[in-house]
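**Student:** after the sequence you'll find the predicted model.
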Amino acid sequence: MPKCIGCGATLQDLKEDMIGYVPTKMMNQKNAICMRCFKLRNYNENSKIISMDYLRIISNISKDPNALIIHVVDLFDFSSTFISSIKRQTGQADCILVGNKFDLLPKSVKKYKVINWMRHMCNLEDFKALEVLALSGKNGDEITELVEAIVRHYKKRRVYFVGCSNVGKSTILNTIIKKYTSETKDIITTSKIPGTTLDMIEIRLDGISFIDTPGIFKENQIIHQISPESYDYIMPKKEIKTINFQLNSDQTVFISGLAWVDYVSGDKTTMVFYFSDRLNIHRTKTKTSIDFFNRQVTNLLMPPTKDDFEGIKYYHKDIKIENDGKKYDIVISGLGFFSVCGDLQLRVTTIKGVDIYIREAII
């Protein structure tokens with residue numbers, strides 16, 4: 001059966017409300033796309049997240065003795081999008097690790113430092129990669145680095161792009177296609193909706209098989225806890241402009257109404273916030289913060305939307321940072337992070353189900 005070139009779904013002309021639907025007259029067209037992809041591309045129409053057995057699809061790679069894995073991770077959410085078990089799930093295939101969205105980091109950040117940080121994170125997980133790269137999936141010049149790495153390790157293998165949803169696998173592949181062919185439009189459908197790619201999509205370029213795979217769902221990311229109306233607020237599209245606060249204890253910083261940080265105790269310190277510029281980063285006194293939140297959530301502190309807020313439950317995590325001379329990032333999975341150092345006690349609150357974790361600072 002033919003498959004949608006945009007998302008990989010098997011095409012069918014029987015049920016409009018099922019994945020892969022196309023009108024009968026389009027069933028046998030070359031490079032046909034399903035109606036879902038058509039609406040995403042042309043109208044940016046929101047689509048329901050489709051629940052599929054992604055890990056089962058990915059594990060099929062283990063049946064391919066000729067596999068080279070390109071494991072794509074999100075530099076802003078490395079720990080949540082890094083799948084340390086991916087080599088086991090794919091039959092111990094060789095792997096190139098790619099940190100995507102480097103263009104969102106401040107221009108002052110040196111790429112070699114980010115790559116060294118990624119290698120350090122791999123060492124902590126005992127994860128061995130053929131190469132480690134940091135790049136922007138939208139930048140054709142940086143994509144050349146990845147293609148050159150693939151060629152170095154190719155050995156007539158099929159090249160599989162794997163990773164969590166929304167790390168940019170399909171964007172990277174579309175950029176490769178545009179750079180090395182005459183194609184000017186996206187071949188593979190991309191959108192802000194998690195789960196856009198539904199099955200494996202194979203593209204052949206100069207004899208090499210590039211295969212896009214469905215994004216693996218990580219429910220601990222904030223995108224899975226809010227409605228699509230809020231996605232544009234939390235997903236940065238350009239370089240992050242950092243926000244620095246000199247904070248005393250008993251002060252609170254809100255990240256719109258999706259999360260907040262209470263500085264419980266410690267000396268005066270600097271916190272640097274790395275979040276989308278569409279989010280409102282607002283400082284207030286802790287003793288008045290709850291009243292402020294109740295008055296401003298879904299207004300000044302938006303997102304969440306009013307509809308989202310009705311179903312949201314929050315939880316908090318207490319974090320103690322010791323003054324060991326290192327700088328740390330506190331990451332709210334899928335939303336962003338802030339960096340701190342010194343001897344201090346924090347309480348971080350966000351939507352229930354979203355991970356809050358500490359890592360050594362990337363910057």
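**Tutor:** Perfect, thanks for sending it. Numbers count the residues shown, from 1 in each chain.

**Student:** for M271, what are its contacts?
**Tutor:** N244, F245, L247, V253, V261, Y263, F338, S339, V340 (C-beta atoms under 8 Å, 6 or more residues apart in numbering). In this view, the C-beta of every residue, glycine as well, is placed from N, C-alpha and C.

**Student:** one more pass at 7 Å, please.
**Tutor:** Applying C-beta atoms under 7 Å, 6 or more residues apart in numbering, one finds that M271 lies in contact with F245, L247, V253, F338, V340.

**Student:** let's have those in TSV, adding pLDDT.
**Tutor:** Listed next are the contacts of M271 as TSV, based on pLDDT from 0 to 100:
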residue	pLDDT
F245	97
L247	96
V253	98
F338	97
V340	96
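
**Student:** between the residues you listed, which sits nearest F38?
**Tutor:** Distance to F38, by C-beta to C-beta, is smallest for F338 among the contacts of M271, at 39.9 Å.

**Student:** secondary structure class for that closest one?
**Tutor:** Secondary structure, DSSP: H, G, I helix; E, B strand; the rest coil: F338 is strand.

**Student:** enumerate the beta-bridge partners assigned to it.
**Tutor:** F273, I330 (DSSP bridges).

**Student:** roughly how far apart are it and I255?
**Tutor:** As judged by C-beta to C-beta, to the nearest Å, F338 and I255 stand 8 Å apart.

**Student:** about what we covered before: by neighbour count, which of the contacts of M271 wins?
**Tutor:** F338 (25 neighbours; other C-beta atoms under 10 Å).

**Student:** distance-wise, check it relative to T175.
**Tutor:** To T175, F338 is 30 Å away according to C-beta to C-beta.

**Student:** ok now stretch 224-238, how far from the chain's centre?
**Tutor:** With C-alpha atoms, centre = their mean, to the nearest Å as the basis, stretch 224-238 stands 11 Å off its chain's centre.

**Student:** which of the residues in it are buried?
**Tutor:** Neighbour counts over stretch 224-238 (16 or more other C-beta atoms under 10 Å) mark H224, Q225, I226, P228, S230, Y231, Y233, I234, M235, P236 as buried.

**Student:** so can I have TSV of those residues showing pLDDT and secondary structure?
**Tutor:** Shown next, in TSV, are these (pLDDT from 0 to 100; DSSP: H, G, I helix; E, B strand; the rest coil):
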residue	pLDDT	secondary structure
H224	81	helix
Q225	85	coil
I226	87	coil
P228	80	helix
S230	88	helix
Y231	86	helix
Y233	93	helix
I234	92	helix
M235	88	coil
P236	90	coil
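
**Student:** any chance of a markdown table for these, columns distance to V147?
**Tutor:** Compiled in a markdown table, these are given as follows (distance: C-beta to C-beta, whole Å):
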| residue | distance to V147 |
| --- | --- |
| H224 | 32 |
| Q225 | 36 |
| I226 | 35 |
| P228 | 33 |
| S230 | 35 |
| Y231 | 30 |
| Y233 | 33 |
| I234 | 31 |
| M235 | 26 |
| P236 | 26 |
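
**Student:** any idea which of those is closest to N28?
**Tutor:** P228 (32.7 Å).

**Student:** closest one to V159 out of the contacts of M271, please.
**Tutor:** Distance to V159 across the contacts of M271 (C-beta to C-beta) is lowest for F338, with 36.2 Å.

**Student:** got a list of what the closest one touches?
**Tutor:** Shown in contact with F338 (C-beta under 7 Å, 6+ apart): V261, M271, V272, F273, Y274, I330.

**Student:** hmm, try it at 10 Å
**Tutor:** 242-245, 253, 255, 259, 261, 271-275, 281, 328-332, 346, 348 (C-beta atoms under 10 Å, 6 or more residues apart in numbering).

**Student:** then Y180?
**Tutor:** Counted by C-beta under 10 Å, 6+ apart, Y180 has contacts G140, I143, T144, V147, L205, D206, I208.

**Student:** low-confidence stretches in the protein?
**Tutor:** 1, 6-7, 40-55, 186, 189-199 (pLDDT under 70).

**Student:** 50 instead, please
**Tutor:** Counting by pLDDT under 50, the chain contains low-confidence ranges at 48-51, 191, 193.
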